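*Asks:* Fold the following.
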Amino acid sequence: EAQDIANAVGVHGQIFTIVNDDSYFYSDMMRGMIVDADRGMGQDVTQYTGSTTGDSRSNEMCSTYSPITWQVDRKCHMISASSFDKMCYDMKMQRDDMSDDLHAHGSRELVDHTYSANNHVYDPVTRRNNLRG
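*Replies:* Below is the predicted model of the structure:
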């Protein structure tokens, strides 16, 4: 059932600048957020309630998989291109075929503030979320 899945799922998010430098290589990008205190990765994380992503959902069509807890690293980090090569290889080696996930996918439109959870800070002047705390 969809709600059983939502109750068991959480999302980790990190933003990367991809560089051609293997000193930023991470061998396992399949098992969750990269936490590396020396590089500040996974240290400044915010949490909030959301839903699934994808361009099949909008402010008119909600996901049946919700609410989902998002845990997002607030900082952008450098990572080597070869880390993504390794992740794609690992995806191909999974028992469940992940070949359809080896290319870019669309993203949903930004959720209107009136539909979003109340566990974030919203600035009505800039109409932006300020995910602090």
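*Asks:* State the distance from H105 to Q47.
*Replies:* Using C-beta to C-beta, to the nearest Å, we find H105 at a distance of 23 Å from Q47. The way it works is simple: take the backbone N, C-alpha and C, and place the C-beta from them, glycine included.
*Asks:* What's the biggest strand in the chain, counting residues?
*Replies:* When the chain is parsed with DSSP state E, its longest strand is strand 68-80.
*Asks:* and the angle from the next helix or strand after that one to strand 68-80?
*Replies:* Of the helices and strands lying after strand 68-80 in sequence (DSSP states H and E), the nearest is helix 81-92. Inter-element angle recorded for helix 81-92 and strand 68-80: 130 degrees (by axes from the mean of the first three to the mean of the last three C-alpha atoms, to 10 degrees).
*Asks:* if we look at helix 81-92, which residues are touching it?
*Replies:* The contact list for helix 81-92 (C-beta atoms under 8 Å, 6 or more residues apart in numbering) reads 18-20, 22, 24-30, 98-99, 101-102.
*Asks:* sec struct for T53, please.
*Replies:* coil (DSSP: H, G, I helix; E, B strand; the rest coil).
*Asks:* no wait, D38
*Replies:* With three-state DSSP as the criterion, D38 reads helix.
*Asks:* Which among the contacts of helix 81-92 count as buried?
*Replies:* The neighbour-count test (16 or more other C-beta atoms under 10 Å) marks Y24, Y26, M29 as buried among the contacts of helix 81-92.
*Asks:* Lowest-confidence entry in these?
*Replies:* Note: of the buried ones among the contacts of helix 81-92, the lowest pLDDT belongs to M29, at 93.
*Asks:* what's near enough to touch that residue?
*Replies:* M29 makes contacts with S83, F84, K86, M87, D90, as judged by C-beta under 8 Å, 6+ apart.
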